[in-house]
Each structure stands twice: as C-alpha cells, then as structure tokens.
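Asker: All I have is the shape, not the residue letters:
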C-alpha cells in the first residue's frame, strides 16, 4: 500500500541486511597479517527483502522468535546500521530505547547524561536543561540523579532512558523489549505515557516477546520469521497466528 508522503512516518522498501559471521578470528595482529584474506566467515541474511510502510501516529509491534530479524530492523530504523540493499526513510525526530544501557556514560551522573543526550536527539543544551527536572521526576530517581550511572540498578537505567526518550518530543519512538525491566507501577506509568504520545500522533515501533504488552500498546503487528515478513495486520489476528505457529513447531520438535 502506497501512502501519501505527508502521512508516512516510516517507509521500508526491499530491505536486505547481511552480516559476516566469522568462524575464526586471529589471536594477534601478526596472525591477522599472515592469514589476510583467508579468514573464514559466512554471510548471514538477517532481513530478506522487507517492505512495509507505517503511518504517522501508528503503534506497530514487531514480533517473532529469536534471530528472526527484529532487533536488526529496529537498529536499521534508528540508523545504527545501514541496509545491505534497499531503502529506509524515517521522517522526523527519532528517539530510541534499543538496549538497557541506553548509550549512557557510566562514569558521569544521570543529570549529566541527560544533558549529553540533548544533541543526539536534536535538542539544544539549554532546552535539555529545562526538561531535566521533568525527566528526573518521571524516572523517579530523586537524589540518585546526581550519582554516577554505573551505580544504578538495571531498573533505574531503564527508567532514565525511557524518560529521556518520551520527553524528547519524538516523531518516531523505537522500543526494544526494555519495558519488561520496570516494576509493575512504573510499567503502568510507561503505558499511560505511550498512550499520551499516540494521541499526539507519535509513531511507535515496539519489539517484544511479551504478547500482553504487544496487545496493550499496538493495534498493528508485523511478524518476522527468519528475516521474512510472515504477516502484517491487526494485532489480535497476527499474534494468534504467530502463537499457533509457535505451538505447532513445538509439537514437531
């Protein structure tokens, strides 16, 4: 389906992503020089001709088994990687939660990390300083905001990263699993904030193995199976199809 350009947030066309999987790495620079050109590897195709379009304001889940290409897709949308072939267009400011560490520097404080994140999100230093208290309050870090991030628990890191992302006024928000780390109270707070962003027409792409969270957040779901788009449609229908396939494969195993 081709959407009007003004209504398109994400356009993925014939995207292929391959990685080199090395079976042997030289133990030293000397060995690398001696064995140059003879290092063995195979090409692994994580995504195989993926095509889809996402409207502005849509909430889209990406599901599938491990090694199905979900995280590779999110990294491509975040411009962490480039596709081997094909094209990806993402419109507007992108905020990401792709890993638990959130790209934070462990040896500086939470507050300093907030300020460092501003330029990466296209937000000026002064504006980020104005938002710092709101970010801190949402993350519920209190006095810990002045402690080095290396002293934070995984839950504290997740809360800070999520709070920065959702208070960056993103046009597109990319989330990879991290909501599972927070406690029940904070998860409820996150869901409420995501609903607020959707009302403001933020586009959300959410990768998860938690089907309850997928059903709660997303109206549309993409099912990736070994790098191929196996299904694209309403969340309830695609999730049910996926779960039936998982159950069937389990019986055959």
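Answerer: Looks like it came in fine. Keep in mind the model is a prediction, meaning the values are calculated, not measured.
Asker: Name all residues that make contact with residue 93.
Answerer: By CB atoms under 8 Å, 6 or more residues apart in numbering, the residues touching residue 93 are 121-122, 168-172. All C-beta spots, glycine's among them, are computed from the backbone N, C-alpha and C.
Asker: Give me the next element, helix or strand, following the lowest-mean-pLDDT helix or strand in the chain.
Answerer: Lowest mean confidence among the helices and strands of the chain (mean pLDDT, DSSP states H and E): helix 29-34, at a mean of 65. Using DSSP states H and E, the helix or strand that follows helix 29-34 in sequence is strand 41-55.
Asker: on contacts alone, who are the packing partners of the following helix or strand past that following strand?
Answerer: Proceeding N to C from strand 41-55, the next assigned helix or strand is strand 59-63, under DSSP H and E. Using 3 or more CB pairs under 8 Å, 6 or more residues apart in numbering; DSSP states H and E, the elements in contact with strand 59-63 are helix 70-77, strand 203-207, helix 211-217, strand 220-225, helix 235-252.
Asker: quick one: residue 243 and residue 63, what's the gap?
Answerer: Distance from residue 243 to residue 63, counting by CB to CB, to the nearest Å: 10 Å.
Asker: low-scoring stretches of the protein, by residue?
Answerer: Within the chain, the stretches with pLDDT under 70 are 1-5, 23-28, 30-39, 100-102, 180-182, 251-253.
Asker: what touches both of residue 243 and residue 63?
Answerer: The contact sets of residue 243 and residue 63 overlap at residue 211 (CB under 8 Å, 6+ apart).
Asker: Between the two, tell me which one has more neighbours.
Answerer: Remark: of residue 243 and residue 63, residue 63 carries more neighbours, 26 against 12, as counted by other CB atoms under 10 Å.
Asker: Touching, that one and residue 223? I think so.
Answerer: Yes: using CB atoms under 8 Å, residue 63 is in contact with residue 223, at 5.4 Å.
Asker: what residues do these two have in common as contacts?
Answerer: Common contact partners of residue 63 and residue 223 (CB under 8 Å, 6+ apart): 238, 242.
Asker: mind listing what's buried in the helix or strand that contains residue 196?
Answerer: If you go by DSSP H and E, residue 196 is part of helix 184-199. Buried residues in helix 184-199, counted by 16 or more other CB atoms under 10 Å: 186, 189-190, 193-194, 197-198.
Asker: Max pairwise distance over those residues: which two?
Answerer: 186 and 198 (18.7 Å; CB to CB).
Asker: who's in contact with residue 172?
Answerer: Contact analysis of residue 172 by CB under 8 Å, 6+ apart lists 9-10, 77, 90-95, 202-205.
Asker: from the residues you listed, which would you call buried?
Answerer: Neighbour counting over the contacts of residue 172 (16+ other CB under 10 Å) leaves 9-10, 77, 90-91, 94-95, 202-205 as the buried ones.
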